[in-house]
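[1] below: sequence and its predicted model.
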Number of protein chains: 2
Amino acid sequence: MDIAALLTSVGINISVTIILFSLYSILRKQPSNLSVYFGRRLASMRELQLDAFGLERFVPSPSWILKAWETTEDEILALGGLDAVVLVRIVVFSIRIFCIAAVICILLVLPVNYYGNDVIHGHIPSESLEVFTIANVKEGSEWLWAHCFALYIVSCSACVLLYFEYKSITRTRLARITGSPPNPSHFTVLVRGVPWSSEKSYSASVKEYFMNYYASSYLSHQIVHRSSTVQKLMNDAEKMCRPRLLPCLCEPPNSFKILSNEADNDRENTRLDVLNSSTEKEYGVAFVSFKTRYAALIAAEVLHSANPMLWAMESAPEPNDVLWSNLCIQYRQLWIRKIATRVAAIAFMFVFTLPVTFVQGMTQLDKLSHAFPFLKGLFKQRFINHVVTGYLPSVVLILFMYTAPPTMMLLSTVEGSVSHSGRKKSACIKVLYFTIWNIFFVNIFSGSVIAMNVFFSVKDIPKQLALAVPIQAKFFTTYVLSSGWASLSVEMIQPLGLFYNIMKKFICRIKKDPTNGTLSFPYHTEVPKLLLFGFLGFTCSIMVPLILPFLLIYFVLAYLVYKNQIINVYIANYESGGHYWPIFHNTTIVSLVLTQVMAVGVFGIKHASVASGFTIPLIIGTLLFNEYCRQRFFPTFKNISGQVLTEMDRQDEQSGKMAEIYQQLKSAYCQFRLLSQEMSKAEKTDHHGDQDRTLDPESMKPENEAASG
Amino acid sequence: MDIAALLTSVGINISVTIILFSLYSILRKQPSNLSVYFGRRLASMRELQLDAFGLERFVPSPSWILKAWETTEDEILALGGLDAVVLVRIVVFSIRIFCIAAVICILLVLPVNYYGNDVIHGHIPSESLEVFTIANVKEGSEWLWAHCFALYIVSCSACVLLYFEYKSITRTRLARITGSPPNPSHFTVLVRGVPWSSEKSYSASVKEYFMNYYASSYLSHQIVHRSSTVQKLMNDAEKMCRPRLLPCLCEPPNSFKILSNEADNDRENTRLDVLNSSTEKEYGVAFVSFKTRYAALIAAEVLHSANPMLWAMESAPEPNDVLWSNLCIQYRQLWIRKIATRVAAIAFMFVFTLPVTFVQGMTQLDKLSHAFPFLKGLFKQRFINHVVTGYLPSVVLILFMYTAPPTMMLLSTVEGSVSHSGRKKSACIKVLYFTIWNIFFVNIFSGSVIAMNVFFSVKDIPKQLALAVPIQAKFFTTYVLSSGWASLSVEMIQPLGLFYNIMKKFICRIKKDPTNGTLSFPYHTEVPKLLLFGFLGFTCSIMVPLILPFLLIYFVLAYLVYKNQIINVYIANYESGGHYWPIFHNTTIVSLVLTQVMAVGVFGIKHASVASGFTIPLIIGTLLFNEYCRQRFFPTFKNISGQVLTEMDRQDEQSGKMAEIYQQLKSAYCQFRLLSQEMSKAEKTDHHGDQDRTLDPESMKPENEAASG
């Protein structure tokens, strides 16, 4: 592939991107697409003003770009939660570091590469892309020090930026925890592995245990019931006491008397019946609430029983975040599920190598036309040739790649995560491994001359990687152009949502319920994408600096698109509490170390052993930096510090909020809230008109008010 | 090496062992060697009755064998603590599993190996050792199923035995915790990273912090002081108040008034001076005691500060176990020390490969005589040849290996462990890696045709191992014979102690202080040895079954020797709480999996692909079993469960022991107790005559009584 082919690809992609962005700016103005492009806003306010029918509805406008650009981090935090902030920070970090890398590498490394060999250069458009890679520098060249210097600059700035970002996100996370309204999850632990007893129910066991060992701090508990049984009972109960709906079924037994005073006798009897008949359908799983956050923290941290499979406790997820269907999984099954899903994910990753290898074949046209002789004539046309080698492989690959996130999400569900956010995080990690393996490594190993089994020769990996990356330069560059840019457009236009919307409107003729399709942000597909491009950026920066400008454009677009989507489309029902940052941090460190290892390989190939040796301290330094961050920052992501929680408890006690919190806690974790939810939603939309209420992660609050009031 | 050479080696080693054991039974009867062979007994009782001068003092007798054989596990637990029990259990486990393996492999596998090839066998003594290895089975033989069957039997019995042993040791550990007298370490946490403040001392900071966050459970604290300063002050103080020695310097300030009532004014003033002048020499490290065990557990488990480098807490080691010199290491240095020592240990491990390779050369006489032509004549003699190939390599290797434990101990000290037991455990792991690498892997890779870089080819490892182990059969067999048997004799005879004793008695003319040289059990040298032989046993069992009888003899001897040493020689000042069992468990699992992987390789080489495939479920099963044990048992080794500690607290509260415990706690962690220790020792030997007092892990108790009474 020469520069002309690359320019063709750039041209196609710029056109496609502009067309798609324009299309988006038109589509979003159509009232029928409101639910697709303004899901979050629709969910938070009752009506969205839209212009009447006019010509400007069909003229593209850049207003959304301005809006996205101007939104501050505090607004993002309020709208999308901490995870959204982390996402934006990841993009900002990438823009910063690749700005530095682009300046250094384009000004210093690119000329060195281009003039690295004593070859008379021809006309630039007809130059091969490889002339701009490190492969063009002749062996033993003094100029390789330029690469070493650039590597030092990039690595050091990356570490410095990472450190300050980690520090700042840790601070933001802490401020978010202390600043937000009382969170039931801080007061609650999820107890699993309640031992079965023939004499008493699980509920009685739980109560007895906590009255025994946590008498001073135990508040209440809520047993998890078998879904189908209770759902059936709920329906029966609903029929019996039609006049008013049951607000919530799972108040703990000890709160009965208080509540029954308010309730009429009929309702009380019904509920008692329901509870009695459902005790035998209980699971050995319960949400136990404590009187202070600190007591809950302790319960979650300490080993309780001499048999670790019993009385296993962990911090409860937020009420909206609970994945009720997974709570029924027995605790002692979890470890084997984890192993099984990991094995399945790895198997899927390797099976996927087949289509990737096929796609890789498309960049080598001669092979392809040999396999399909009837295509020979077609390939002789210059433009078709450029399209097929420069564009098609990436598109095919993207289409294949779309199967990965749902598969990994399924695996993460089977894995047994008890929260939506935990499941998404786990899927994100799986998709990340999958993406980096299939895009980076498989392409390198299948595309270059190296057979797969060379991968098993540990010693040669640096050299083989160093040889393979420049060869794959064209693929990576076009991948950034096509997959990167296009995927952002696709994310904006939401073809699936649009299609679903059209189907619903024009074929099924459903008009109402606009908020039903509102989704939460797909971190498990978007974070791995960002990380993959960061990975490509680092590993290619020194060897194929030409990729950096395209990457920069990608990240700038990502900055606008993701901010826009957070503002308009996705609702933040739950959040992982910024847990995507450690994932990003680790991936970046891995990318840096791999880049450095490849640099050692390159310098080895080019007989610059001094530069090669000079890079090794950098590797050690990067690894030590990572270890330092792991010691200094990571523990605060795993657990909230006791000091912070104690201070929060004290503040609430002093301000007298505790009684109110206790009241809320008693019904915070309610398994069967569909009915009560709808009821409270109806009440809410009558009473409140403010914009961002449902975006609050503690959005169960109004429901509780409705339930307890 | 043929069977005759092996028999020579066996003969030499049996003779040497018998001679050494007889020597031991004579030496131990000499009164001058009392301190070498009865250190523990001497330390625990005032005088040891010994026969008067008589002929029987110079006649070997097997009485110690009977005594060792008859000692029960409960006695071992009382004398040597939990670690000693674990050691004995490791030996018993090894005897059991290698009995099973020996029966299966000698009866089934050995004949299959011997008749595996259609070769007419000659006279057995002149047969090569390789005839008895799997290398002799011809390719594609149906009989390989015998090996597969034996592997299944050995693996399954190992897993079953491991499971029940783990369960039983967990129970023993729990009984030990609940059954022993109140342990100050359960009430205490070690606080590190106390933030420095210019306004107040560390002591004041600690007090303020715990009065703030643990007001209800905080009891007292003891700051760690700079050693040299306080030691100097101690000496000064001692001079000033000569009439009575200071019992303990580091009572917390709040216990002053109670104590000063008893003390005369002079002493009080002195102590106040000492404390005032030493506050500025404090470290940011403290032992903080709580009113209940549960409160201490909580403090040790929870993340305290938003900056994890501050207020880092962990369960305190037992008072006797504290490694005071390491407490001054700053907490934020720890992680880098850990990394540095690990790197140093690995470097040492690899540097050591040189002498091992040299030793390996000695088994190939032709190479050696080529290098040193003047030896040629010598090697022509049959006996010399047998000695050199069969015996010398192991001896040289053992001598080299003696440098490893002190080096690893040094590294573990630098690593920053705060307890003697922790340091010993860490050294044990390092020595274990070192031993297995240098004895097993280096010998395999340097002895066989395989060059070291084949090791880097991951895919071929099973096959290469499978090829190499039978080739190294003779080395491993003679290693068991020489190193294994001889090292036990050496352990018994204690040449170093004997030499030191003779030096002291006859050259330096020191007569008194017999207990000074008493050591605690060298787990860091003995556990890796046992594990290495277990490792060799498993990996060789299927391929070189001839090694098993010798191994069995080794383990039976080990059973007697170690029990004897625990009863007579070593004192148990501190213990790790059975932490050597998880190390043993993991190593055994690794050995099993490696054996199975090698079996896959062997079956691959022999074209028995069905048997090869049949082994893979076994590998998966073993790994799953290990994961299950890690989930089920390991957490209880890391932490004591909250339930257990709460029950213990309640019992002590009900029995009214708590006040007494609090009194003890205030002076339990006393940094400068040399003087007080000697004083109390003098008192103790006056008052108490019972045998096992100093062997109790809570042996500070009498001292505290002395100090507080």
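    Nice, thanks for sending it over. Values in this document were obtained by computation on a predicted structure and should not be read as measured data. Numbering: from 1, shown residues only, chains lettered A, B, ... in the order given.
[2] buried sites along stretch A:87-98?
    Judged by neighbour count using 16 or more other CB atoms under 10 Å in any protein chain shown, the buried positions of stretch A:87-98 are A:87-91, A:93-95, A:97-98. Every C-beta, even on glycine, is put in place using the N, C-alpha and C of the backbone.
[3] close to chain B, is stretch A:650-664?
    No - using CB under 8 Å from any CB of the partner chain, stretch A:650-664 stays clear of chain B, coming no nearer than 9.9 Å.
[4] end to end on that stretch, go ahead and measure it.
    Criterion CA to CA, to the nearest Å; first-to-last residue distance in stretch A:650-664 is 18 Å.
[5] pLDDT of it, averaged?
    For stretch A:650-664, the mean per-residue pLDDT is 88.
[6] what of stretch A:570-586?
    For stretch A:570-586, the mean per-residue pLDDT is 90.
[7] how far does it stretch from start to finish?
    27 Å.
[8] what packs against the helix or strand that contains A:I553?
    Using DSSP states H and E, A:I553 falls within helix A:547-568. Applying 3 or more CB pairs under 8 Å, 6 or more residues apart in numbering or on different chains; DSSP states H and E, we find helix A:547-568 packed against helix A:39-44, helix A:63-70, helix A:73-104, helix A:473-479, helix A:485-493, helix A:523-541.
[9] which one of these has the lowest average pLDDT?
    helix A:39-44 has the lowest average pLDDT among those, namely a mean of 75.
[10] in JSON lines: the buried residues of stretch A:87-98, plus distance to chain B.
    Formatted as JSON lines, those follow (distance: CB to the nearest CB, whole Å):
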{"residue": "A:L87", "distance to chain B": "23"}
{"residue": "A:V88", "distance to chain B": "23"}
{"residue": "A:R89", "distance to chain B": "19"}
{"residue": "A:I90", "distance to chain B": "23"}
{"residue": "A:V91", "distance to chain B": "26"}
{"residue": "A:F93", "distance to chain B": "22"}
{"residue": "A:S94", "distance to chain B": "27"}
{"residue": "A:I95", "distance to chain B": "29"}
{"residue": "A:I97", "distance to chain B": "26"}
{"residue": "A:F98", "distance to chain B": "30"}
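[11] same list (these) but as CSV, adding distance to A:L23.
    Below are those laid out as CSV (distance: CB to CB, whole Å):
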residue, distance to A:L23
A:L87, 24
A:V88, 25
A:R89, 29
A:I90, 27
A:V91, 23
A:F93, 30
A:S94, 26
A:I95, 25
A:I97, 32
A:F98, 28
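[12] between the residues you listed, which is nearest B:E165?
    Distances from B:E165 to these, taken as CB to CB, are shortest for A:I90 (48.7 Å).
[13] which bits of the stretch 301-450 of chain A sit near chain B?
    So the stretch 301-450 of chain A meets chain B at A:301-309, A:311, A:332, A:335-336, A:339 (CB under 8 Å from any CB).
[14] out of the residues you listed, who's the most crowded?
    A:W311 (26 neighbours; other CB atoms under 10 Å in any protein chain shown).
[15] over to the nearest residue to it once chain neighbours are set aside: give its phi and psi.
    Nearest residue to A:W311, sequence neighbours excluded (CB to CB, 6 or more residues apart in numbering or on different chains): A:H304, at 4.0 Å. Dihedral angles of A:H304 (phi, psi; degrees, to the nearest 10) stand at phi -90, psi -60.
[16] how about A:Y574, secondary structure?
    coil (DSSP: H, G, I helix; E, B strand; the rest coil).
[17] what distance do you get for it to A:E318?
    6 Å (CB to CB, to the nearest Å).
[18] A:I120 now?
    A:I120 sits 66 Å away from A:E318 when distances are taken as CB to CB.
[19] check A:T646 too.
    Separation of A:T646 from A:E318 (CB to CB) stands at 21 Å.
[20] can you check A:V112 too?
    53 Å.
[21] more crowded one of the two?
    A:E318 (24 against 20).
[22] count residues in the vicinity of the nearest residue to the more buried one once chain neighbours are set aside, would you?
    Closest residue to A:E318 apart from its sequence neighbours, by CB to CB, 6+ apart: A:S185 at 4.5 Å. A:S185 is flanked by 24 other residues according to other CB under 10 Å.
[23] pretty sure A:S185 sits against A:P319.
    Yes - taking contacts as CB atoms under 8 Å, A:S185 lies within contact range of A:P319: 7.2 Å.
[24] quick revisit: can you read off the pLDDT for the residue nearest to A:W311?
    A:H304 is given a pLDDT of 88.
[25] distance of it from A:G416?
    Distance of A:H304 to A:G416, given as CB to CB: 20 Å.
[26] same check on A:F499?
    According to CB to CB, A:F499 and A:G416 sit 33 Å apart.
[27] more crowded one of those two?
    More crowded of A:F499 and A:G416, by other CB under 10 Å: A:G416, with 23 against 11.
[28] contacts only, for the more buried one.
    A:G416 makes contact with A:326, A:329, A:333-334, A:337-338, according to CB atoms under 8 Å, 6 or more residues apart in numbering or on different chains.
[29] and the nearest residue to A:S197 once chain neighbours are set aside, what helix or strand is that in?
    Setting aside the residues directly before and after it, A:S197 is nearest to A:S205 in space (CB to CB, 6+ apart), at 5.8 Å. In this structure, A:S205 sits in helix A:202-213 according to DSSP H and E.
[30] which residues in the stretch 201-350 of chain A form helices?
    Under the criterion DSSP state H, counting those that start in this stretch, the stretch 201-350 of chain A contains helices at A:202-213, A:227-240, A:256-262, A:265-278, A:293-301, A:334-351.
[31] lowest average pLDDT across those?
    helix A:256-262 - the lowest mean pLDDT of the helices of the stretch 201-350 of chain A, at a mean of 39.
[32] so what does the lengthiest helix in chain A touch, helix or strand wise?
    In chain A, taking DSSP state H as the definition, the longest helix is helix A:144-179. Applying 3+ CB pairs under 8 Å, 6+ apart, one finds that helix A:144-179 contacts helix A:73-104, helix A:523-541, helix A:580-605, helix A:609-632, helix A:634-638, helix A:642-654.
[33] can you list the buried residues in the helix holding A:S205?
    So helix A:202-213, judged by 16+ other CB under 10 Å, has buried residues A:202-203, A:205-207, A:209-210, A:213.
[34] distance from it to the middle of the chain?
    Put simply, helix A:202-213 sits 38 Å off its chain's centre (CA atoms, centre = their mean, to the nearest Å).
[35] tilt between that helix and helix B:293-301?
    Here helix A:202-213 runs at an angle of 100 degrees relative to helix B:293-301 (axes from the mean of the first three to the mean of the last three CA atoms, to 10 degrees).
[36] next, see if stretch A:614-628 gets close to chain B.
    Yes - using CB under 8 Å from any CB, stretch A:614-628 reaches chain B at A:624, A:627-628.
[37] centre of the chain to that stretch, how far?
    Centre to centre, stretch against its chain (CA atoms, centre = their mean), the figure for stretch A:614-628 is 28 Å.
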